[in-house]
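**Q** with the input below, show me the fold.
(3 chains)
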Amino acid sequence: MSPSNAPIALELAAVTKRFGKTEIIRGVDLAVRKGERVAVIGPNGAGKSTLFNLISGRFEPSSGSIRLNGEDIVGKRPYEINRRGLARSFQITNIFSRLTVFENLRAAALYASGQKYSFWKPLSKLTELNDRTEALMASIELKRRRDVPASLLTYSEQRALEIGITIAGGGDVILLDEPTAGMSHSETDRFVHLIRNVTVGKTLLTVEHDMGVVFGLADRIAVLVYGEVIAFDTPDKVRADPKVKEAYLGAVLEAETAAEGAAV
Amino acid sequence: MSSTALKPLHFKPLNGVRIVVWSAFAVILLLLPLAAQSSFALTLLCLTGIAAIACMSYNMLLGQAGMLSFGHAVYTGLGTFVAIHAMNKVAGGWWLPMWMIPLVGGLAGLAFGALLGFVTTRKAGTPFSMITLGVGELVFAAALMFPEFFGGEAGINANRTAGEGWLKDLGLTFGPQIQVYYLIAIYLFVCTAAMYAFTQTPLGRIANAVRDNAERAEFVGYDTRWVRYLIVMASSFFAGVAGGLTAINVEAATADLLHGVRSGGYLLFTFLGGVGFFFGPIIGAILLIFALVVLSEFTKAWQLYVGIVFLIMVVYAPGGFSALIMLNLRRVKYGEWRKMRWPYAGMLFFGLIALWGFAAIVEMLYQIQVAAGSGSALTVAKIPLDAASSLSWVTAIAVLLIGGFGFEVWRRKFKKVWDDGEERIAEAIKKAEAAIV
Amino acid sequence: MSVLNGVSYGLLLFMLSAGLTLIFSMMGVLNFAHASFYMLGAYFAYQVSEWSNFWVAFVLAPMLVAVLGGVFERTVLRKTHKFGHVAELLVTFGLSFVILEIVQLIWGRTPVDYKVPAALDGSLFKLYNAAFPEYRAFMMFVAIGMLASLFLVLKKTRIGLVIQAALTHPETTEALGHNVPRVFALVFAGGCALAGLAGVIGGNAFITEPGMAQAVGAIIFVVVVVGGMGSLGGALVASLLIGLMQTFAVGLDWSFIGGFQALGVEVTPETFGYPVWKLKLSQVAPILPYLLLVVMLIVRPKGIMGTRDE
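**A** Numbering: from 1, shown residues only, chains lettered A, B, ... in the order given. Next up is the predicted model:
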């Protein structure tokens, strides 16, 4: 479902990242179109999280350029990048532990709602913001836990909240870093369904290990191995790519494909 | 108390209850002087009111934004100094009604918050705390270098009955302490309302978010440095108001108002009161004045006792007294409190005994060390002791051990009953939740 | 001469800030009571040298302080780890307060006469007309010796390797089977021993009184921030810098007025800002470290050799 003539939302060109003497990202080129859903896969240690950290501004690339909707964002602070419409989730849940579920989501939406640093209006009077937050909370299915402090939620509830915080600001480029990490099979299925619903129309970049999720969710798949993208194409083409098979999937892919074929 | 059972609580009264609470607060402030039987008591009330504003302003930093400052006295102190100079200007003919002096203090606090806060908020977390200590020392030392402004050793004096205006013609000279009390009470009410309202604004809520997870706050669009800087400014404003009220109350400003020990005091007592609830610092202020003025009359070792209570609270009840109160209120709500009566009584009984033993040892040490000139006899809670007699020492140690042992026995009983109760409460909450569709 | 005095003071500051940096780097805990352990070292040394002699105190006092530090870590500090860094800082703050009160309780509020031992109480050499005290040289010797052995332990021994590992990756180190909590207790006690040793040699060179902890406490915080949080090298540079700065400044009577006069500008009491211009450097000496802190924060917040990211 990828509009192949849509403008480029996110573009990486010759991006590298070195930590001391170790080069983790060794020249990545990537162009994601607006509205596309891209899954980033690769073996452990390939640099997937690092890539997300580079795009979202947590780290600065050692060289290369990153463009968001045409604008160069290298060197910008995370909040500057977020204000330009890019939001990310974290592999290790990164929520506001003492705030309730509702407050978590509202806080995440505050800046984008135009409230910024204001202190002359009470939160309770911001009806549009509050309504939107309630709707978001319902869409991530946490309405029953509205007033529970985030630290007391179960693991998968926290993961749902994690996604909620990410999309609350209304950004149209969403980066999800292993959203289904640590979930059981049934939880994963439900969660993917949820992700699909809440990210309609947005440009989505997901790091995933679960191949079922990947093939069900993605328009294109980027395969990252040792800091380089060795393939970036539709799922079928990637599945058939010999480089990919050799470097990464092989038996795993065949097993998943077989399981998929049997399930259909 | 089991610290692991300390789940976050929320004080969430319905709107009707809110009106009742604020009205009750206003009425209490109005009628308090009637309970004050002496001018000493009235002075205590005035000091407590000012301390409450100071501690609440401190909690804007600590409780709301998670910023541990060791230099809060800088803002209260500078507020006092600027206010004192303003008062002298009023005596010299400036038009400014005396009741606006605390606002002058507030603006001074705000200005210094903007100036110094720019430097202190360059870093967050632990480095921030270290920097506030350094800046606090800087300001205190600078105070001694500029006698023109700070008055050197003697400080600066002023007269709060100075100035003209229609209020004065009505008899409101601020000469009598009772008038000063009501000025403080009005400022206290207004500042409390303002600071509470602040917690319900976007900036207030984002400060909470920065406290909980500064990194994530950056990723949802907030420049956390700017948030912290704004909070410092807001906190310094109210600190300056408290400083200005001090100028009126005491009619003098000396450099020790800026001393690190004072900053430490705000930290210590705000924490004791409890940083997690809005009314915690008010309790802290009451404890502060109690310890500073009343406890110090009973024993020279009061600072040691306060320090030990503080250490115990940090480890076993980091939510402070307000959290303890709320926890017990929650018990009452769920009908679990009656079971606690005997364990509480047991701990209290043996705790007091142990306390006597400990106090006896400390006081005897003090007698030898500090008051050696006045002999070796003393009384602790009306019981006579002789620091030179080994019988007294043995008795004190024995009592301490017995009390400690008994306390520990009852503490374990208490813990068991408490934990059981917590489980039942958690169950009840779960059931209530499941009822929500 | 001032250079040597400044360096010896700076080395003392480094002994203190090194221990603080180690504890902070390893455990993330800022030991607010670090200067209090310095004070305890001085008082213990005083008491022990009253009962026997300085050399016994030299060995015994740091050990006593280390034991106290270890006990504190084991019983109290450990319990606050789960509440986060603010709670840890608060508990060490409370400890500093309690230590101060107990010291006053036992030894009183006035300075005690902790003397330099007779054997070291002379002058090592004379430069022009100024004598360099033997004891200062001894202090420098001890400081350098201690730091050299610290360096050796960290870099060359097995336990040092474990400490370095636990410094950046405590969980992994524990997963590899090392008793990280015990390492923490060891490092904390070690840091306190360093502070105690500094107290032993500094208490009689300067002054031993209840206010000594507060006096030096804020300065070592400045050293650590200016040097760069978590950097031992930065702490060394900052300590020497501050030591030299303060020692020199105390002896100089320069003021802005003099500077202006050299430029041909007359400054009178009517001139705007006169209270600032008339300040002499010797008056400003006590706040120079804090001014350095402010300048550093504005110009280069991560410190001279800052390594640890916020």
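**Q** chain C contacts on the stretch 101-250 of chain B?
**A** Residues of the stretch 101-250 of chain B lying near chain C by C-beta under 8 Å from any C-beta of the partner chain: B:119-120, B:122-127, B:129-131, B:133-138, B:141-142, B:145-146, B:148-149. C-betas here are computed from N, CA, C, even on glycine.
**Q** quick check on residue A:172: phi, psi?
**A** phi -100, psi 0 (degrees, to the nearest 10).
**Q** which ones are touching it?
**A** A:9, A:34, A:85, A:201, A:202, A:203 (C-beta atoms under 8 Å, 6 or more residues apart in numbering or on different chains).
**Q** most widely separated two among the residues you listed?
**A** Comparing all pairs in the contacts of residue A:172 by C-beta to C-beta, the longest separation belongs to A:85 and A:201, at 12.9 Å.
**Q** looking at the two, which is more packed in?
**A** More crowded of residue A:85 and residue A:201, by other C-beta atoms under 10 Å in any protein chain shown: residue A:85, with 19 against 8.
**Q** buried stuff in whichever helix or strand residue B:114 is part of?
**A** Assigned by DSSP states H and E, residue B:114 falls within helix B:101-120. Across helix B:101-120, burial judged by 16 or more other C-beta atoms under 10 Å in any protein chain shown covers B:101-113, B:116-117, B:119-120.
**Q** likewise for stretch A:158-178?
**A** Neighbour counts over stretch A:158-178 (16+ other C-beta under 10 Å) mark A:158-169, A:171-178 as buried.
**Q** can I get that stretch as PDB, trimmed to CA atoms?
**A** C-alpha atoms of stretch A:158-178 as PDB (Å, rounded to 0.1, in the frame of the first residue of the first chain):
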ATOM      1  CA  GLN A 158       3.400  -0.300  29.500                       C
ATOM      2  CA  ARG A 159       4.400  -1.200  26.000                       C
ATOM      3  CA  ALA A 160       1.000   0.100  24.800                       C
ATOM      4  CA  LEU A 161       1.500   3.300  26.800                       C
ATOM      5  CA  GLU A 162       5.000   3.500  25.200                       C
ATOM      6  CA  ILE A 163       3.300   3.600  21.700                       C
ATOM      7  CA  GLY A 164       0.700   6.000  23.000                       C
ATOM      8  CA  ILE A 165       3.300   8.500  24.200                       C
ATOM      9  CA  THR A 166       5.000   8.200  20.800                       C
ATOM     10  CA  ILE A 167       2.000   9.000  18.700                       C
ATOM     11  CA  ALA A 168       0.400  11.500  21.100                       C
ATOM     12  CA  GLY A 169       2.200  14.400  19.700                       C
ATOM     13  CA  GLY A 170       0.700  13.800  16.300                       C
ATOM     14  CA  GLY A 171       4.000  13.400  14.500                       C
ATOM     15  CA  ASP A 172       3.700  11.900  11.000                       C
ATOM     16  CA  VAL A 173       7.000  10.000  11.000                       C
ATOM     17  CA  ILE A 174       7.000   7.300  13.600                       C
ATOM     18  CA  LEU A 175       9.900   5.200  14.700                       C
ATOM     19  CA  LEU A 176       9.100   2.100  16.700                       C
ATOM     20  CA  ASP A 177      12.000   0.300  18.300                       C
ATOM     21  CA  GLU A 178      11.000  -3.300  18.900                       C
END
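**Q** what is the mean pLDDT for that stretch?
**A** Mean per-residue pLDDT for stretch A:158-178: 92.
**Q** how distant is that stretch from the center of its chain?
**A** Computed by C-alpha atoms, centre = their mean, to the nearest Å, the chain-centroid distance of stretch A:158-178 equals 7 Å.
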